[in-house]
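*Asks:* below are the sequence and a predicted model for it; my questions follow.
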Amino acid sequence: MMLRFGYVSTALHLWESSPSRTLTFTNWMKLNTNQRKEKLLHATAQNLNNTKRALFYNIAQGIHLYRMSSSLVPLATHPEVKWDYITPFREQFQEIGEIVKKHSLRVSFHPNQFTLFTSDKEHVTQNAITDMDYHYKMLELMGLHDQATMNIHVGGAYGDKEKAISRFHDNIEKLDNPIKKQVTLENDDKTYTAQETLAVCNDHALPMIFDYHHHWANPGNESVEELLPEIYTTWKNTEQQPKFHLSSPKSDKEYRSHADYVDLKFALPFIKDLIAFGKDADIMIEAKSKDKAALRLVEELAALRGFKRIDGAVIEV
């Protein structure tokens with residue numbers, strides 16, 4: 001079986017490579033019309049260029065899995081800004097998509113923590129819809145809207161988990177069907193366990209992304225071994241293999257926070273459960289050291305008996 005590893009957003013091995021340069025609304029307000037346009041264009045151009053740099057770096061390093069930054073376009077969803085980023089950057093978005101497709105990379109987005117469909121406040125839901133529309137529009141511009149996914153959490157419980165899940169069921173249906181089709185759901189570290197997230201995924205035919213660190217912090221009653229068959233089943237109607245998230249705790253006190261690197265001892269039980277199940281998997285490393293952490297973990301795994309490194313971030317078991 002094959003295990004492919006990837007990382008989030010910024011390739012730290014590259015100099016000045018952030019794809020998330022931003023302009024705050026407060027600073028935007030201080031500028032005149034020409035300055036606003038210049039700042040937005042400059043930041044977006046840098047972000048798209050650094051995304052391309054990361055993709056070429058990934059190709060050179062043999063990293064096939066990559067999460068793009070949600071902050072590629074500063075203030076794209078702010079109701080008082082609403083600027084046209086499509087016209088000036090159409091070709092750059094298209095070029096990114098062509099690179100991804102040519103080299104068979106797997107890319108995704110993870111909209112921010114405020115993209116919620118469980119709230120009882122209409123404006124929160126509308127903001128979530130706007131944010132998902134923004135991410136989907138970028139995928140459309142790249143020509144990746146039928147293959148790349150947008151991962152979110154179920155959301156908050158607001159004191160009544162049953163009512164919150166009911167609101168999720170209602171609110172997620174407000175997304176246009178093509179957008180909803182690209183949604184994946186992930187278990188979280190405080191509220192919705194893997195089994196609870198699976199139930200929501202099954203209700204809406206959404207693939208589930210299992211986060212091992214979150215499961216460790218918020219385990220529910222089911223083991224990884226028990227959960228894997230149903231998790232894989234949620235991906236059966238897609239053309240992609242299941243994706244998992246992996247990080248390790250920063251410390252005993254800050255056990256929900258991500259460490260700089262992935263602790264091999266922490267990760268091995270999860271890796272062994274995947275191996276016992278025996279099917280290929282993609283694993284997104286969410287450690288703070290990003291590509292450095294992903295490549296280090298692959299090196300450490302490759303040193304173990306039964307693990308063979310066949311590409312920069314690919315292990316054959």
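*Replies:* Here it is on my side, so go on.
*Asks:* please, where are all the strands along the stretch 51-200 of the chain?
*Replies:* Secondary structure of the stretch 51-200 of the chain by DSSP state E, counting those that start in this stretch: the strands cover 65-67, 106-109, 149-153, 183-186.
*Asks:* of those, give the one that comes closest to residue 34.
*Replies:* Closest to residue 34 of those, according to C-beta to C-beta: strand 106-109, at 30.9 Å. C-betas here are computed from N, CA, C, even on glycine.
*Asks:* what does that closest one contact?
*Replies:* Under the criterion C-beta atoms under 8 Å, 6 or more residues apart in numbering, residues 4, 6, 64-68, 70, 100, 135, 138-139, 144, 148-151, 184, 240, 243, 282, 284 lie in contact with strand 106-109.
*Asks:* adjacent strands (with direction) for that strand?
*Replies:* When pairs are called by DSSP bridges, strand 106-109 turns out to pair with strand 65-67 (parallel), strand 149-153 (parallel).
*Asks:* how about the contacts made by the closest residue to residue 44 other than its chain neighbours?
*Replies:* Closest residue to residue 44 apart from its sequence neighbours, by C-beta to C-beta, 6 or more residues apart in numbering: residue 73 at 5.3 Å. By C-beta under 8 Å, 6+ apart, the contact list for residue 73 reads 44, 47, 85, 89, 134, 138.
*Asks:* isn't the fourth one right up against residue 42?
*Replies:* This points to residue 89. No. Under the criterion of C-beta atoms under 8 Å, residue 89 is not in contact with residue 42, lying 11.8 Å apart.
*Asks:* now the helices for the stretch 151-300 of the chain?
*Replies:* 161-172, 177-180, 194-204, 212-217, 224-233, 264-277, 290-302 (DSSP state H, counting those that start in this stretch).
*Asks:* helices or strands up against the last one?
*Replies:* Which is helix 290-302. strand 2-8, helix 33-61, helix 264-277, strand 281-285, strand 308-311, strand 314-316 (3 or more C-beta pairs under 8 Å, 6 or more residues apart in numbering; DSSP states H and E).
*Asks:* most tightly surrounded among those?
*Replies:* Most buried of the helices and strands packed on helix 290-302 by mean neighbour count (mean count of other C-beta atoms under 10 Å) is strand 281-285; its value is a mean of 24.
*Asks:* strands paired with that strand, and their directions?
*Replies:* Per DSSP bridges, strand 281-285 is paired in its sheet with strand 2-8 (parallel), strand 243-246 (parallel).
*Asks:* what are the contacting residues of it?
*Replies:* Here strand 281-285 has contacts from 1-8, 65, 67, 106, 108, 209, 240-247, 262, 274, 293-294, 297, using C-beta under 8 Å, 6+ apart.
*Asks:* OK, contacts around the residue nearest in space to the middle of the chain?
*Replies:* The centre of the chain sits closest to residue 110, judged by C-alpha atoms, centre = their mean, with a distance of 3.7 Å. Residues near residue 110 by C-beta under 8 Å, 6+ apart: 8, 67, 70, 150-152.
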